[in-house]
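Enquirer: I need the structure of the sequence given here:
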Amino acid sequence: MTKARPYPSYVSIHGGHSGEFCNHAVDTLEDIVKAYIRKGFAWVGLTEHAPPVTDAYMYPDEREAGLNAGRLYERFAAYIKSAQELKAHFAGTLDIYVGFETELTSGALPFTRRLIETFQPDYIVGSLHHVDDISFDFSREDYLDAVASLGGHDNLYSRYFDQQYELTKALNPKVIGHFDLIRIHDPNYKTRLDKPEIAARIDRNLQLIADRDLILDFNLAALSKNMDEPYVSAPILEKAREMGIAVVPGDDSHSVDSVGRHLDAGISILKGMGFNTDWQRPV
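Expert: Numbering: from 1, shown residues only. This next block holds a predicted model:
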């Protein structure tokens, strides 16, 4: 067994998706946890996706697998049970925090509150993968459909950050997942993020995060998708640093092979920008 690394520690505040409980992941949750242990992680958050409110918000791969919202709810319950068992089994070897990613679709806020009450997670990750009930991150085609439906990139960005603000105010998630995911299929995102109407929304959301002492997920999965930088982009990171917001790496792992991927690069970026690398925990 690999000993824990010296400071700054290997951690992931957003990861642990597995083929058992996510159709676009592979490997078992236990094997992924064991990979974190082998690589010397000090702690990790397991953050599987919440089930959809209705079948309308299922992903294509879930439909192809013959699933429905009810079966996805049952699978989510099995995930929480398995994650809690792994947390207890590996206590003293790896600190595990059991969480899940939210969504914001019609009916999702009361539904998420019921999930929290029923399953009692250690924390939740405030994430959006839909804007105005339209999926935007599953594929480039979905993204372009969302752009067309919202009347252009600028409107899509504005609605995304408005709904991120709504979710954050309503649920107070300890971690904000991939803050600027809305840029996923936009090669001109650097210019877009700097537009006054979008930048103002970003500043507003960051102020709420700072006021509530929430954590930004420095999501490294973008580097596996040939993007120039992780989520969060450098100009937003700089604002977060100036505001004293904690930023913590998340590998967003979806397999054993992706555990810890790009983590050294992420730590180097955060250290170079002057962030505190005594990583804030989500509880």
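
Enquirer: and Tyr7, what pLDDT?
Expert: The model reports Tyr7 with a pLDDT of 72.

Enquirer: residues in contact with the helix or strand bottoming out on mean pLDDT in the chain?
Expert: Least confident helix or strand of the chain, by mean pLDDT, DSSP states H and E, is helix 60-64 with a mean of 93. Outside helix 60-64, the residues within contact range by Cβ atoms under 8 Å, 6 or more residues apart in numbering are 23-24, 72, 138. All C-beta spots, glycine's among them, are computed from the backbone N, C-alpha and C.

Enquirer: For that helix, what is the distance to the chain centroid?
Expert: Computed by Cα atoms, centre = their mean, to the nearest Å, the chain-centroid distance of helix 60-64 equals 21 Å.

Enquirer: How about stretch 103-111?
Expert: So, by Cα atoms, centre = their mean, the centroid of stretch 103-111 is 17 Å from its chain's centroid.

Enquirer: For that stretch, give the mean pLDDT please.
Expert: The pLDDT scores in stretch 103-111 average 97.

Enquirer: Span of that stretch from start to end?
Expert: Using Cα to Cα, to the nearest Å, the end-to-end distance of stretch 103-111 comes out at 10 Å.

Enquirer: One more: stretch 167-182?
Expert: Chord length of stretch 167-182, first to last residue, is 15 Å (Cα to Cα).

Enquirer: Ok, stretch 29-49 next?
Expert: End-to-end distance (Cα to Cα), stretch 29-49: 13 Å.

Enquirer: buried stuff in it?
Expert: 29-30, 32-37, 39-49 (16 or more other Cβ atoms under 10 Å).

Enquirer: Can you check the distance spanned by stretch 170-179, start to finish?
Expert: The first-to-last residue distance of stretch 170-179 comes to 16 Å (Cα to Cα).

Enquirer: what's the offset of that stretch from the middle of its chain?
Expert: 9 Å.

Enquirer: And for stretch 74-86?
Expert: Stretch 74-86 has its average C-alpha position 18 Å from the chain's average C-alpha position, going by Cα atoms, centre = their mean.

Enquirer: Give me the neighbour count for Asp194.
Expert: By other Cβ atoms under 10 Å, the residues close to Asp194 number 11.

Enquirer: element containing the spatially closest residue to it that is not a sequence neighbour, please.
Expert: Leaving aside its sequence neighbours, Asp194 sits nearest to Pro235 (Cβ to Cβ, 6 or more residues apart in numbering; 7.2 Å). Per DSSP states H and E: Pro235 is located in helix 234-242.

Enquirer: In that helix, which residues are buried?
Expert: 236-237, 239-240.

Enquirer: circling back: just the buried ones out of the contacts of helix 60-64, please.
Expert: 23, 72.

Enquirer: Would you mind listing the two of the contacts of helix 60-64 that lie farthest apart?
Expert: Maximum pairwise distance among the contacts of helix 60-64 (Cβ to Cβ): 15.1 Å, between Leu72 and Phe138.

Enquirer: mind checking how far Ala42 is from Gly16?
Expert: From Ala42 over to Gly16 the distance is 15 Å, taken as Cβ to Cβ, to the nearest Å.
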